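Student: Predicted model follows, preceded by the sequence.
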Amino acid sequence: MSFPFKRLSEIDVMGRRVLVRLDLNVPIRDGRIQDDTRIQAALPTLRALREQKARLVICAHLGRPKGTVKPEFSLAPVGERLAEVLDEPVLFPEDCVGDAALRLSRSMNDGQVMLLENLRFHPGEKANSTEFADRLRQLADVYVNDAFGSMHRAHASVDATPRLFGETAGGLLLEREINALQKVTRNPDHPFAVLLGGAKVSDKLPLLRDIVSRADAVLIGGAMAYTFLRAQGKPVGKSLVEDEQILKAGDILRRAANHGCEIVLPVDHIVVDEISNDSTTTTYRIEDTPEDGIGVDVGPRTLESIRGALQGKRTLFWNGPFGVYEIPQFSEGTVAIAKMVADAPGYTVIGGGDSAAAVRRAGLAPFLDHVSTGGGAALELLEGKDLPGIEALRVI
(Lines give C-alpha, C1' and ligand atoms only; values in the text may rest on other atoms or scores of the structure.)
Protein backbone atom coordinates (compact mmCIF):
# COMPACT_ATOMS: atom_id res chain seq x y z
CA MET A 1 0.00 0.00 0.00
CA SER A 2 1.22 3.51 -0.80
CA PHE A 3 1.08 6.22 1.86
CA PRO A 4 0.96 10.00 1.39
CA PHE A 5 3.94 10.30 3.76
CA LYS A 6 7.38 8.75 4.12
CA ARG A 7 7.67 5.64 6.27
CA LEU A 8 10.26 5.08 8.98
CA SER A 9 12.24 2.83 6.69
CA GLU A 10 12.59 5.70 4.19
CA ILE A 11 14.37 8.18 6.44
CA ASP A 12 17.90 8.27 7.87
CA VAL A 13 17.86 8.74 11.64
CA MET A 14 21.24 7.33 12.70
CA GLY A 15 22.87 9.67 15.23
CA ARG A 16 20.20 12.31 14.59
CA ARG A 17 17.71 13.91 16.97
CA VAL A 18 14.16 12.83 16.12
CA LEU A 19 11.14 14.73 17.42
CA VAL A 20 8.52 12.01 17.88
CA ARG A 21 4.92 13.16 18.36
CA LEU A 22 3.02 10.48 20.29
CA ASP A 23 -0.47 10.11 21.72
CA LEU A 24 0.25 9.57 25.42
CA ASN A 25 -3.03 11.00 26.72
CA VAL A 26 -3.54 8.21 29.23
CA PRO A 27 -5.90 8.21 32.24
CA ILE A 28 -4.04 9.10 35.45
CA ARG A 29 -5.50 9.01 38.96
CA ASP A 30 -3.53 10.03 42.05
CA GLY A 31 -0.34 10.00 39.98
CA ARG A 32 -0.88 6.42 38.77
CA ILE A 33 -1.59 5.42 35.16
CA GLN A 34 -4.88 3.51 34.93
CA ASP A 35 -4.50 2.24 31.36
CA ASP A 36 -1.24 2.26 29.39
CA THR A 37 -2.70 1.07 26.07
CA ARG A 38 -1.49 4.19 24.25
CA ILE A 39 2.01 3.83 25.67
CA GLN A 40 2.15 0.20 24.54
CA ALA A 41 0.91 1.21 21.07
CA ALA A 42 3.85 3.63 20.69
CA LEU A 43 6.55 1.08 21.56
CA PRO A 44 7.12 -0.44 18.09
CA THR A 45 8.05 2.97 16.65
CA LEU A 46 10.22 3.91 19.62
CA ARG A 47 12.08 0.59 19.48
CA ALA A 48 12.55 0.80 15.72
CA LEU A 49 14.05 4.28 16.01
CA ARG A 50 16.34 3.26 18.87
CA GLU A 51 17.56 0.26 16.89
CA GLN A 52 18.61 2.76 14.21
CA LYS A 53 20.54 4.72 16.87
CA ALA A 54 18.25 7.73 16.76
CA ARG A 55 18.17 10.21 19.64
CA LEU A 56 14.51 10.42 20.65
CA VAL A 57 12.83 13.65 21.72
CA ILE A 58 9.25 12.64 22.50
CA CYS A 59 6.46 15.21 22.68
CA ALA A 60 2.83 14.70 23.69
CA HIS A 61 -0.10 16.26 25.51
CA LEU A 62 -2.12 15.17 28.53
CA GLY A 63 -5.62 16.36 29.37
CA ARG A 64 -6.82 19.93 29.03
CA PRO A 65 -4.68 22.27 31.13
CA LYS A 66 -5.82 25.18 28.93
CA GLY A 67 -2.43 26.69 28.20
CA THR A 68 -1.20 26.92 31.79
CA VAL A 69 1.05 24.75 33.95
CA LYS A 70 -1.06 22.46 36.14
CA PRO A 71 0.85 19.76 38.05
CA GLU A 72 -2.01 17.26 37.80
CA PHE A 73 -1.47 17.23 34.02
CA SER A 74 2.27 16.62 34.16
CA LEU A 75 3.64 13.86 31.94
CA ALA A 76 6.03 12.77 34.70
CA PRO A 77 4.12 9.52 35.43
CA VAL A 78 4.20 8.74 31.69
CA GLY A 79 7.96 9.25 31.66
CA GLU A 80 8.33 6.82 34.54
CA ARG A 81 6.22 4.22 32.74
CA LEU A 82 8.17 4.71 29.51
CA ALA A 83 11.42 4.12 31.38
CA GLU A 84 9.99 0.85 32.70
CA VAL A 85 8.76 -0.55 29.39
CA LEU A 86 11.81 0.60 27.43
CA ASP A 87 14.18 -0.50 30.21
CA GLU A 88 16.01 2.76 29.63
CA PRO A 89 16.27 5.97 31.69
CA VAL A 90 14.10 8.74 30.22
CA LEU A 91 15.25 12.35 30.45
CA PHE A 92 12.48 14.73 31.55
CA PRO A 93 13.12 18.49 31.38
CA GLU A 94 10.86 20.84 33.30
CA ASP A 95 9.40 22.33 30.11
CA CYS A 96 8.79 21.18 26.53
CA VAL A 97 10.70 24.15 25.07
CA GLY A 98 13.39 26.50 26.28
CA ASP A 99 17.04 26.34 27.29
CA ALA A 100 16.90 23.21 29.46
CA ALA A 101 15.20 21.09 26.81
CA LEU A 102 17.50 22.48 24.11
CA ARG A 103 20.67 21.74 26.12
CA LEU A 104 19.53 18.19 26.85
CA SER A 105 18.64 17.55 23.21
CA ARG A 106 22.12 18.63 22.11
CA SER A 107 23.89 16.45 24.68
CA MET A 108 21.98 13.22 24.00
CA ASN A 109 23.70 10.01 22.93
CA ASP A 110 22.56 7.58 20.24
CA GLY A 111 19.50 5.63 21.42
CA GLN A 112 18.85 7.95 24.35
CA VAL A 113 15.27 9.01 25.13
CA MET A 114 13.86 12.32 26.35
CA LEU A 115 10.19 13.03 27.07
CA LEU A 116 9.15 16.68 26.95
CA GLU A 117 6.66 18.08 29.44
CA ASN A 118 3.01 18.53 28.43
CA LEU A 119 2.73 20.51 25.19
CA ARG A 120 -0.59 21.98 26.27
CA PHE A 121 1.05 23.86 29.14
CA HIS A 122 1.68 26.39 26.36
CA PRO A 123 -1.24 28.18 24.62
CA GLY A 124 0.77 28.09 21.39
CA GLU A 125 0.16 24.35 21.05
CA LYS A 126 -3.62 24.51 20.56
CA ALA A 127 -3.30 27.83 18.71
CA ASN A 128 -1.08 26.14 16.10
CA SER A 129 1.46 28.89 16.69
CA THR A 130 4.38 28.97 14.26
CA GLU A 131 6.51 30.63 16.97
CA PHE A 132 5.87 27.72 19.36
CA ALA A 133 6.40 25.27 16.48
CA ASP A 134 9.80 26.83 15.74
CA ARG A 135 10.86 26.35 19.37
CA LEU A 136 10.00 22.65 19.05
CA ARG A 137 11.82 22.53 15.73
CA GLN A 138 15.07 23.59 17.41
CA LEU A 139 15.08 20.41 19.49
CA ALA A 140 15.51 17.95 16.60
CA ASP A 141 16.73 17.28 13.07
CA VAL A 142 13.96 14.93 11.88
CA TYR A 143 10.23 14.74 12.68
CA VAL A 144 8.10 11.59 13.10
CA ASN A 145 4.39 11.59 13.91
CA ASP A 146 2.90 8.44 15.42
CA ALA A 147 0.02 10.14 17.28
CA PHE A 148 -2.93 8.90 15.26
CA GLY A 149 -5.34 9.97 18.00
CA SER A 150 -4.30 13.60 17.47
CA MET A 151 -4.01 13.65 13.67
CA HIS A 152 -7.36 15.41 13.24
CA ARG A 153 -6.26 18.38 15.36
CA ALA A 154 -4.50 21.35 13.72
CA HIS A 155 -2.25 21.93 16.72
CA ALA A 156 1.32 23.16 16.55
CA SER A 157 3.06 19.85 17.27
CA VAL A 158 0.87 18.10 14.67
CA ASP A 159 0.50 20.69 11.93
CA ALA A 160 2.84 23.71 12.08
CA THR A 161 5.92 21.90 13.43
CA PRO A 162 6.40 19.19 10.77
CA ARG A 163 6.13 21.83 8.05
CA LEU A 164 9.35 23.37 9.42
CA PHE A 165 11.37 20.17 9.03
CA GLY A 166 13.16 19.09 5.88
CA GLU A 167 12.61 15.43 6.66
CA THR A 168 9.45 13.90 8.14
CA ALA A 169 7.79 10.50 8.37
CA GLY A 170 4.81 8.68 9.80
CA GLY A 171 5.36 6.09 12.53
CA LEU A 172 4.45 2.41 12.57
CA LEU A 173 1.22 2.94 14.51
CA LEU A 174 0.10 5.57 12.01
CA GLU A 175 0.83 3.15 9.16
CA ARG A 176 -1.19 0.43 10.84
CA GLU A 177 -4.14 2.75 11.53
CA ILE A 178 -4.28 4.07 7.97
CA ASN A 179 -3.94 0.57 6.56
CA ALA A 180 -6.81 -0.78 8.64
CA LEU A 181 -9.16 2.18 8.28
CA GLN A 182 -8.73 2.44 4.51
CA LYS A 183 -10.31 -1.00 4.26
CA VAL A 184 -13.43 0.65 5.68
CA THR A 185 -13.22 4.06 4.03
CA ARG A 186 -12.20 2.95 0.53
CA ASN A 187 -14.45 0.43 -1.19
CA PRO A 188 -15.32 -1.74 1.83
CA ASP A 189 -16.54 -5.26 1.19
CA HIS A 190 -20.34 -5.28 1.19
CA PRO A 191 -22.65 -5.76 2.99
CA PHE A 192 -21.16 -3.00 5.14
CA ALA A 193 -22.58 -2.08 8.58
CA VAL A 194 -21.74 0.91 10.79
CA LEU A 195 -22.62 1.03 14.49
CA LEU A 196 -22.67 4.52 16.02
CA GLY A 197 -23.34 5.30 19.67
CA GLY A 198 -22.52 7.99 22.17
CA ALA A 199 -24.32 10.96 23.67
CA LYS A 200 -24.58 13.69 21.03
CA VAL A 201 -25.99 13.25 17.56
CA SER A 202 -24.63 16.71 16.68
CA ASP A 203 -21.08 15.30 16.92
CA LYS A 204 -21.82 12.73 14.23
CA LEU A 205 -24.35 14.41 11.93
CA PRO A 206 -21.89 15.05 9.05
CA LEU A 207 -20.67 11.45 9.25
CA LEU A 208 -24.21 10.07 9.39
CA ARG A 209 -25.30 12.13 6.40
CA ASP A 210 -22.37 10.76 4.40
CA ILE A 211 -22.31 7.17 5.61
CA VAL A 212 -25.98 6.36 4.89
CA SER A 213 -25.13 6.77 1.19
CA ARG A 214 -22.34 4.17 1.43
CA ALA A 215 -23.31 1.65 4.09
CA ASP A 216 -25.90 -1.11 3.82
CA ALA A 217 -26.96 -0.69 7.45
CA VAL A 218 -26.42 1.93 10.15
CA LEU A 219 -27.19 0.94 13.73
CA ILE A 220 -27.70 3.86 16.11
CA GLY A 221 -27.60 3.59 19.89
CA GLY A 222 -26.68 5.46 23.03
CA ALA A 223 -28.30 8.76 23.92
CA MET A 224 -28.00 9.97 20.33
CA ALA A 225 -30.65 7.41 19.32
CA TYR A 226 -33.33 9.36 21.21
CA THR A 227 -33.10 12.34 18.88
CA PHE A 228 -33.87 9.97 15.98
CA LEU A 229 -36.69 8.30 17.89
CA ARG A 230 -38.18 11.71 18.63
CA ALA A 231 -37.89 12.53 14.91
CA GLN A 232 -40.07 9.46 14.32
CA GLY A 233 -42.60 10.83 16.80
CA LYS A 234 -41.93 8.17 19.44
CA PRO A 235 -41.99 8.80 23.21
CA VAL A 236 -38.60 8.94 24.93
CA GLY A 237 -39.51 10.33 28.37
CA LYS A 238 -36.73 12.45 29.85
CA SER A 239 -33.99 10.74 27.83
CA LEU A 240 -31.39 13.04 26.31
CA VAL A 241 -32.67 14.67 23.13
CA GLU A 242 -31.03 17.45 21.12
CA ASP A 243 -34.17 19.34 20.13
CA GLU A 244 -32.32 21.53 17.63
CA GLN A 245 -31.17 18.42 15.75
CA ILE A 246 -34.54 16.66 15.40
CA LEU A 247 -35.23 18.00 11.89
CA LYS A 248 -31.72 17.04 10.74
CA ALA A 249 -32.16 13.57 12.21
CA GLY A 250 -35.38 13.23 10.21
CA ASP A 251 -33.53 14.31 7.07
CA ILE A 252 -30.93 11.60 7.65
CA LEU A 253 -33.65 8.96 8.07
CA ARG A 254 -35.17 9.99 4.73
CA ARG A 255 -31.76 10.11 3.05
CA ALA A 256 -31.03 6.59 4.28
CA ALA A 257 -34.32 5.35 2.85
CA ASN A 258 -33.53 6.96 -0.50
CA HIS A 259 -30.16 5.18 -0.60
CA GLY A 260 -31.51 1.81 0.52
CA CYS A 261 -29.60 1.95 3.81
CA GLU A 262 -31.28 0.13 6.70
CA ILE A 263 -31.46 2.20 9.90
CA VAL A 264 -31.65 0.17 13.11
CA LEU A 265 -32.86 2.04 16.20
CA PRO A 266 -33.72 0.73 19.68
CA VAL A 267 -37.09 -0.99 20.01
CA ASP A 268 -36.78 -1.36 23.79
CA HIS A 269 -34.50 0.05 26.45
CA ILE A 270 -33.47 0.00 30.11
CA VAL A 271 -35.12 2.91 31.93
CA VAL A 272 -34.45 4.60 35.30
CA ASP A 273 -35.87 7.55 37.22
CA GLU A 274 -32.41 9.04 37.74
CA ILE A 275 -28.92 8.12 36.58
CA SER A 276 -26.94 6.73 39.52
CA ASN A 277 -25.08 3.59 40.54
CA ASP A 278 -27.97 2.30 42.65
CA SER A 279 -30.90 3.16 40.35
CA THR A 280 -33.72 0.65 39.96
CA THR A 281 -34.03 -0.39 36.31
CA THR A 282 -37.07 -1.40 34.26
CA THR A 283 -37.21 -2.59 30.67
CA TYR A 284 -39.79 -0.86 28.45
CA ARG A 285 -40.65 -0.99 24.79
CA ILE A 286 -39.92 2.40 23.26
CA GLU A 287 -43.65 2.98 22.71
CA ASP A 288 -44.31 2.43 26.43
CA THR A 289 -41.62 4.75 27.79
CA PRO A 290 -42.97 6.61 30.85
CA GLU A 291 -42.94 10.40 30.78
CA ASP A 292 -40.40 10.66 33.61
CA GLY A 293 -38.21 7.74 32.45
CA ILE A 294 -34.59 8.08 31.31
CA GLY A 295 -33.13 5.55 28.87
CA VAL A 296 -29.68 4.30 29.92
CA ASP A 297 -29.08 1.13 27.89
CA VAL A 298 -30.51 -0.93 25.06
CA GLY A 299 -32.95 -3.71 25.91
CA PRO A 300 -32.98 -7.43 25.00
CA ARG A 301 -35.22 -7.02 21.93
CA THR A 302 -32.91 -4.33 20.58
CA LEU A 303 -29.92 -6.62 21.07
CA GLU A 304 -31.68 -9.32 19.05
CA SER A 305 -32.49 -6.76 16.37
CA ILE A 306 -28.81 -5.76 16.25
CA ARG A 307 -27.73 -9.40 16.09
CA GLY A 308 -29.98 -9.93 13.09
CA ALA A 309 -28.78 -6.77 11.34
CA LEU A 310 -25.15 -7.86 11.68
CA GLN A 311 -25.73 -11.29 10.16
CA GLY A 312 -23.82 -11.74 6.92
CA LYS A 313 -22.08 -8.37 7.05
CA ARG A 314 -18.59 -8.48 5.52
CA THR A 315 -17.35 -5.16 6.96
CA LEU A 316 -18.23 -3.67 10.36
CA PHE A 317 -17.19 -0.36 11.91
CA TRP A 318 -18.23 0.56 15.47
CA ASN A 319 -17.75 3.79 17.40
CA GLY A 320 -19.46 4.81 20.63
CA PRO A 321 -21.22 2.99 23.50
CA PHE A 322 -24.89 2.03 23.31
CA GLY A 323 -25.62 2.98 26.92
CA VAL A 324 -24.32 4.95 29.90
CA TYR A 325 -21.22 2.82 29.77
CA GLU A 326 -19.41 4.49 32.70
CA ILE A 327 -21.90 2.90 35.15
CA PRO A 328 -21.41 -0.90 35.17
CA GLN A 329 -25.09 -1.88 35.36
CA PHE A 330 -25.82 0.25 32.28
CA SER A 331 -22.94 -1.19 30.24
CA GLU A 332 -24.39 -4.64 29.60
CA GLY A 333 -25.78 -3.74 26.18
CA THR A 334 -22.47 -2.30 25.02
CA VAL A 335 -20.60 -5.40 26.22
CA ALA A 336 -23.12 -7.68 24.47
CA ILE A 337 -22.63 -5.74 21.22
CA ALA A 338 -18.85 -6.00 21.64
CA LYS A 339 -19.22 -9.79 21.74
CA MET A 340 -21.41 -9.76 18.62
CA VAL A 341 -18.88 -7.70 16.70
CA ALA A 342 -16.01 -9.91 17.89
CA ASP A 343 -17.92 -13.01 16.73
CA ALA A 344 -18.68 -11.53 13.31
CA PRO A 345 -16.84 -13.28 10.46
CA GLY A 346 -16.36 -10.07 8.46
CA TYR A 347 -13.63 -7.42 8.69
CA THR A 348 -14.15 -5.66 12.03
CA VAL A 349 -12.85 -2.24 13.10
CA ILE A 350 -13.45 -0.49 16.42
CA GLY A 351 -13.16 3.28 16.09
CA GLY A 352 -11.51 4.10 19.41
CA GLY A 353 -13.10 5.75 22.45
CA ASP A 354 -15.42 3.93 24.85
CA SER A 355 -16.17 1.19 22.34
CA ALA A 356 -12.45 0.37 22.25
CA ALA A 357 -12.39 0.38 26.05
CA ALA A 358 -15.38 -1.97 26.06
CA VAL A 359 -13.74 -4.58 23.86
CA ARG A 360 -10.48 -4.38 25.81
CA ARG A 361 -12.27 -4.70 29.15
CA ALA A 362 -14.16 -7.72 27.87
CA GLY A 363 -10.92 -9.29 26.62
CA LEU A 364 -12.18 -9.25 23.03
CA ALA A 365 -9.53 -7.10 21.32
CA PRO A 366 -7.56 -10.13 20.00
CA PHE A 367 -10.69 -11.31 18.14
CA LEU A 368 -11.10 -8.08 16.17
CA ASP A 369 -9.21 -7.07 13.05
CA HIS A 370 -8.37 -3.58 14.32
CA VAL A 371 -8.98 -1.54 17.47
CA SER A 372 -8.14 2.08 16.68
CA THR A 373 -6.36 4.33 19.15
CA GLY A 374 -8.14 7.45 17.86
CA GLY A 375 -11.91 7.90 17.98
CA GLY A 376 -12.17 11.41 16.52
CA ALA A 377 -9.49 10.82 13.91
CA ALA A 378 -11.06 7.52 12.85
CA LEU A 379 -14.48 9.15 12.45
CA GLU A 380 -13.09 11.99 10.34
CA LEU A 381 -11.29 9.51 8.08
CA LEU A 382 -14.53 7.54 7.72
CA GLU A 383 -16.27 10.78 6.78
CA GLY A 384 -13.66 11.38 4.09
CA LYS A 385 -12.01 14.41 5.66
CA ASP A 386 -8.34 15.29 5.26
CA LEU A 387 -6.53 15.06 8.60
CA PRO A 388 -4.23 18.03 9.35
CA GLY A 389 -1.51 15.76 10.75
CA ILE A 390 -1.38 13.66 7.60
CA GLU A 391 -1.52 16.70 5.32
CA ALA A 392 1.47 18.17 7.17
CA LEU A 393 3.47 15.00 6.45
CA ARG A 394 2.34 14.73 2.86
CA VAL A 395 5.14 14.22 0.35
CA ILE A 396 4.69 16.76 -2.45
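Tutor: Cool, the structure landed. Quantities reported herein were computed from a predicted structural model and do not represent experimental measurements.
Student: got the domain boundaries for the protein?
Tutor: What automatic domain parsing lists as the domains of the chain is 8-174, 187-383.
Student: ends of the shortest one, how far apart?
Tutor: Chord length of domain 8-174, first to last residue, is 11 Å (CA to CA, to the nearest Å).
Student: just to revisit the earlier point, so which of the domains of the chain gets nearest Ile390?
Tutor: domain 8-174 (5.9 Å; CB to CB). No exception for glycine: its C-beta is placed from N, CA and C like everyone else's.
Student: and that closest one, what's its mean pLDDT?
Tutor: In this model, domain 8-174 has an average pLDDT of 96.
Student: re earlier: please tabulate the domains of the chain in TSV, including the columns distance to Ile390.
Tutor: Shown next, in TSV, are those (distance: least, CB to CB, whole Å):
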stretch	distance to Ile390
domain 8-174	6
domain 187-383	9
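Student: Make a markdown table from those and add mean neighbour count and distance to Gly389 to it.
Tutor: Shown next, in a markdown table, are those (neighbours: other CB atoms under 10 Å; distance: least, CB to CB, whole Å):
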| stretch | mean neighbour count | distance to Gly389 |
| --- | --- | --- |
| domain 8-174 | 19 | 3 |
| domain 187-383 | 20 | 8 |
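Student: All the helices of the protein, residue numbers only.
Tutor: Counting by DSSP state H, the chain has helices at residues 37-51, 76-86, 99-107, 123-126, 130-137, 172-185, 205-211, 224-231, 246-258, 300-310, 332-343, 353-361, 375-383, 388-393.
Student: tell me how far the first one is from the chain's mean position?
Tutor: If I follow you right, that is helix 37-51. 18 Å (CA atoms, centre = their mean, to the nearest Å).
Student: packing partners for it?
Tutor: Secondary-structure packing of helix 37-51 (3 or more CB pairs under 8 Å, 6 or more residues apart in numbering; DSSP states H and E): strand 17-21, strand 55-59, helix 76-86, helix 172-185.
Student: right, and the ones you listed - which one's nearest Gln232?
Tutor: The closest of these to Gln232 is helix 172-185. By CB to CB, the value is 27.9 Å.
Student: so that closest one versus helix 37-51, what angle?
Tutor: Relative orientation of helix 172-185 versus helix 37-51 (axes from the mean of the first three to the mean of the last three CA atoms, to 10 degrees): 120 degrees.
Student: ok, residues contacting helix 172-185?
Tutor: By CB atoms under 8 Å, 6 or more residues apart in numbering, the residues outside helix 172-185 that reach it are 1, 3, 5, 7-8, 41-42, 44-45, 48, 145-148, 151, 170, 192, 315, 317, 347, 349, 369-370, 372-374, 377-378, 381-382, 384, 390.
Student: need the contact list for Gly67.
Tutor: Contacts of Gly67 (CB under 8 Å, 6+ apart): Arg120, Phe121, His122, Pro123, Glu125, Lys126.
Student: mind running it again at 6 Å?
Tutor: When contacts are counted by CB atoms under 6 Å, 6 or more residues apart in numbering, Gly67 touches Pro123.
Student: re the thing from before, can you redo the helices and strands packed on helix 37-51 as a markdown table with distance to Gly363?
Tutor: Output for the helices and strands packed on helix 37-51, formatted as a markdown table (distance: least, CB to CB, whole Å):
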| stretch | distance to Gly363 |
| --- | --- |
| strand 17-21 | 30 |
| strand 55-59 | 30 |
| helix 76-86 | 21 |
| helix 172-185 | 20 |
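Student: Now do the spatially closest residue to Pro388 that is not a sequence neighbour against Ser305, distance only.
Tutor: In space, and not counting its chain neighbours, Pro388 is closest to Ala154: 4.1 Å by CB to CB, 6 or more residues apart in numbering. Here the criterion is CB to CB, to the nearest Å. By it, Ala154 lies 40 Å from Ser305.
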